[in-house]
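Q: output the structure for:
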Amino acid sequence: MLVAAAVCPCPPLFVPEVAAGAAPELDAARAACTDALGVLAASRPDLLVVVGPAEKSGRGPHPEGARGSFGGFGVDLDVRLGRPDTQGTAPGTGAGPASPERELPSSLAVAAWLLERTGWSDAPVEGLGVGEPLEAERCVQTGRQIGGRAGRVALLVMGDASACRTLKAPGYLDERAQDFDAEVARALAAADVEALKTLDTSLAYELKAAGRAPWQVLAGAAEGAGLGGALLYDDAPYGVGYLVAAWS
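A: Below is the predicted model:
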């Protein structure tokens, strides 16, 4: 059963080495993510599943110990998904090294960086990359399956809101973006599972809201869990909506 969830944005700029001189601009967002991950640790999960948007090559499961890299962003920095004391070990076996064939998608690499930054060592970690085309019902079904994986499951849900909040945004200015982001923020603050399930998938695609599918996975996992929500951060630096929330 799902006992806690953290929702965080996933821009590579979250990593100070990638952001370089612009790093301080996201300090408040990073601090909010640290607080959200603290809620996950306090829930004493048996399993943490990290869910984030992914291109085709990065979709599907990623085992504990899977590697990610920020080399594509001009930074010689690698990360691993997992606890410091189990990195490189095949999850659940205790014997032999894991040999992940695929690199983590950038969203899960950012999650791995956040977990390393906060010293996560509370439970085994697994990753799941989901594609933008995944329809809402499939997302919800996936979430239900994740929620049943262990007695106490926690979710770290990565994903940005719209990328169309200003003229200089990656998707230019779209007048619908602010209302869309406000409704997502309201749903995350209230742990409103039904509202997340019924997000307009077409509109999310048009607004380049990469978090849509991961949020709907969260909705499926949270069915019947009775969790409460708190919105920890809501802003749109660079014209992209960044939301941080914690459910427990």
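
Q: immediately after the biggest helix by length in the chain, which helix or strand?
A: The residue-count maximum for a helix in the chain (DSSP state H) belongs to helix 27-42. The first helix or strand that comes after helix 27-42 along the chain, using DSSP states H and E, is strand 47-53.

Q: circling back: elements contacting the longest helix of the chain?
A: Under the contact criterion of 3 or more C-beta pairs under 8 Å, 6 or more residues apart in numbering; DSSP states H and E, helix 27-42 touches strand 2-8, helix 106-117, strand 153-158, strand 229-235, strand 242-247. No exception for glycine: its C-beta is placed from N, CA and C like everyone else's.

Q: format these as TSV; extra columns: mean pLDDT, mean neighbour count and distance to Leu48.
A: Below are the helices and strands packed on helix 27-42 laid out as TSV (pLDDT from 0 to 100; neighbours: other C-beta atoms under 10 Å; distance: least, C-beta to C-beta, whole Å):
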stretch	mean pLDDT	mean neighbour count	distance to Leu48
strand 2-8	98	27	9
helix 106-117	97	25	8
strand 153-158	98	28	5
strand 229-235	98	19	18
strand 242-247	98	27	14
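
Q: turn the ones you listed into CSV, including distance to Gly131.
A: Formatted as CSV, these follow (distance: least, C-beta to C-beta, whole Å):
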stretch, distance to Gly131
strand 2-8, 19
helix 106-117, 11
strand 153-158, 14
strand 229-235, 26
strand 242-247, 21
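
Q: quick one, which of those gets closest to Val75.
A: Set against Val75 and scored by C-beta to C-beta, these come closest in helix 106-117, at 10.9 Å.

Q: could you say what helices and strands the closest one packs with?
A: Looks like helix 106-117 contacts strand 2-8, helix 27-42, strand 47-53, strand 67-69, strand 78-80, strand 125-130, strand 153-158 (3+ C-beta pairs under 8 Å, 6+ apart).
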